[in-house]
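Participant: here's a sequence, model it:
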Amino acid sequence: MNKLRLYIFAFWLSLLAVVPAAGLASVTSQQASDIARQQVPGRVLAIKQVQSQGRPVYQVKILNTRGEVHLILIDANSGKTIGRP
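Facilitator: From the prediction side, this is the model:
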């Protein structure tokens, strides 16, 4: 019975090693903020990580110099600008 438990434990451990952790971003919120400010210069009002089409993205809200608020989406894995919703 102990061998069976060991095999089951090894099986689950191997799955954890193979399956990437969902929601873990390779881009930090600070990097996402910097990327978004390259697109729209201004002051970052808020940043949060959400899911968009099944992938993690950062929503960065920026106030530009004319007083307009922009929402920029940054892919949390690649750092690429996805667009503006």
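
Participant: next SSE after the helix or strand of the chain with the lowest mean pLDDT?
Facilitator: Least confident helix or strand of the chain, by mean pLDDT, DSSP states H and E, is helix 2-18 with a mean of 68. Downstream of helix 2-18, the next assigned helix or strand under DSSP states H and E is helix 29-39.

Participant: packing partners for that following helix?
Facilitator: strand 43-52, strand 55-63, strand 69-75, strand 81-83 (3 or more CB pairs under 8 Å, 6 or more residues apart in numbering; DSSP states H and E). Heads up, the C-betas are built off the backbone N, CA and C, glycines and all.

Participant: among those strands, which comes closest to Phe11?
Facilitator: strand 55-63 (27.4 Å; CB to CB).

Participant: quick revisit: so can I have a markdown table of the helices and strands packed on helix 29-39 showing mean neighbour count, distance to Val27 and mean pLDDT?
Facilitator: Shown next, in a markdown table, are those (neighbours: other CB atoms under 10 Å; distance: least, CB to CB, whole Å; pLDDT from 0 to 100):
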| stretch | mean neighbour count | distance to Val27 | mean pLDDT |
| --- | --- | --- | --- |
| strand 43-52 | 13 | 10 | 94 |
| strand 55-63 | 20 | 7 | 95 |
| strand 69-75 | 19 | 7 | 95 |
| strand 81-83 | 15 | 11 | 86 |
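
Participant: spatially central residue for the chain, please.
Facilitator: Ala76 (2.9 Å; CA atoms, centre = their mean).

Participant: distance check, that residue against Gln30.
Facilitator: 12 Å (CB to CB, to the nearest Å).

Participant: then Asn77?
Facilitator: 16 Å.

Participant: and Ala36, by the same measure?
Facilitator: Applying CB to CB to Ala36 and Gln30 gives a distance of 11 Å.

Participant: list the residues that contact the residue lying closest to Ser78 once chain neighbours are set aside.
Facilitator: Using CB to CB, 6 or more residues apart in numbering and skipping residues adjacent in sequence, the residue nearest Ser78 is Val27, 7.4 Å away. Counting by CB atoms under 8 Å, 6 or more residues apart in numbering, Val27 touches Ile35, Tyr58, Ile74, Asp75, Ala76, Asn77, Ser78, Gly79.

Participant: if anything else comes up later, I'll come back, but that's it for now.
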